[in-house]
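Trainee: Kindly generate the corresponding structure for this input.
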Amino acid sequence: MRPLLASGKKNRSYVKSGGGMFYDHDDFGCFLNVFNFNAVDVRKKIKSLTDPAAQVTVLSNEGWCGHPFAGGVTGKAFSDRIYAVLPEATILIIVRNQLDMIVSAYLHFLTQEGGNLTLDEFIRPVKWFHRPSFTLSHLNYMNVIRYYDELFGRDRVVVVPFELITKSTESFVEPIFAALDLTAPESFSSRPENARNVSHAIAISLMPRLNSGHPAVQAAFESGGKLLSGRFVKRRKVEMIRFLDGVLGEYYKEDNRKLQERTGYDLESLKYVV
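Mentor: Next up is the predicted model:
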């Protein structure tokens, strides 16, 4: 499996292959205009960047499921665009325990968006009609899975829990290779890539009202984060998980049961609410 040519970071690690391919672009930036898309041109561009030696060409961007900060509102538009361009594609969807996913999204929100909300405020959209924001329902994964099943056919939509990689790289990667009728390598690198230092975000979470996107404020919190011990950072994340568990209860239970049936994985053993 290979990414598109000239895609991803220069060091070729943590490649987002063709990550901007299904977005719109102009002189002012990258965006999504749901009324303006030329599937024929995008397919030609993908073909021009495809490695001739590749058995399978990989395109990837987690944003194509809809960005969590905006409640995933663009997810359906991206799925329609992907189908319009590559109706023969095999789709890979990685799911993650919702409580862990919410904490990860929240900490990312604090550093990348200059967010100044508490975790409790983050999960409760207040002015959604003015500007889409995070919504709990976005992480009912079966919504997006069912739609991709309808478009591409269930046999070409592969769903793998993120948590498998914590057991072994092989258990995570092998079902992906199997779905593509490829032989998986005998060994995989287990070296972490793109591991995020969350101490910066944890520092912000202690006093979010002081946060902003200003570089000086972010730099101050980053410096403060370096003073936090690894044990404290880990404990703070555990506290957030416990808080969400208490507040959300069985919110995801029904959808996760359907997800477990759809994937065949024992999600309860992976700490999903089932």
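Trainee: from here on, contacts and neighbour counts on C-alpha atoms
Mentor: OK.
Trainee: and the helix or strand hosting N143, how far from the chain's centre?
Mentor: Per DSSP states H and E: N143 is located in helix 142-152. Centre-to-centre, helix 142-152 and its host chain are 16 Å apart (C-alpha atoms, centre = their mean, to the nearest Å).
Trainee: same deal with stretch 60-80?
Mentor: Per C-alpha atoms, centre = their mean, the displacement of stretch 60-80 from the mean C-alpha position of its chain is 9 Å.
Trainee: likewise stretch 134-149?
Mentor: 12 Å.
Trainee: per-residue confidence averaged over it?
Mentor: Per-residue pLDDT over stretch 134-149 has a mean of 97.
Trainee: try stretch 38-57
Mentor: In the prediction, stretch 38-57 has an average pLDDT of 91.
Trainee: Would you mind measuring the gap between the ends of it?
Mentor: End-to-end distance of stretch 38-57 (C-alpha to C-alpha, to the nearest Å): 21 Å.
Trainee: mind checking pLDDT for R196?
Mentor: Looking at R196, its pLDDT is 72.
Trainee: Is I176 in contact with V158, as I believe?
Mentor: Yes - the criterion here is C-alpha atoms under 8 Å, and I176 meets it with V158 at 7.1 Å.
Trainee: overlap in contacts of those two?
Mentor: By C-alpha atoms under 8 Å, 6 or more residues apart in numbering, I176 and V158 have these common neighbours: L92.
Trainee: Those two: which is more packed in?
Mentor: Between I176 and V158, counted using other C-alpha atoms under 10 Å, the more crowded position is V158 (20 against 17).
Trainee: thinking the more buried one is in contact with A89, fair?
Mentor: No - using C-alpha under 8 Å, V158 is not in contact with A89, being 11.1 Å away.
Trainee: Output the lowest mean pLDDT helix or strand found in this protein.
Mentor: Ranked by mean pLDDT, DSSP states H and E, the helix or strand of the chain with the weakest confidence is strand 2-3, at a mean of 69.
Trainee: immediately after that strand, which helix or strand?
Mentor: Next helix or strand after strand 2-3 toward the C-terminus (DSSP H and E): strand 24-26.
Trainee: what bits of this structure have low per-residue confidence?
Mentor: Residues of the chain that meet the criterion pLDDT under 70 lie in 1-2, 6-16, 128-129, 189-195.
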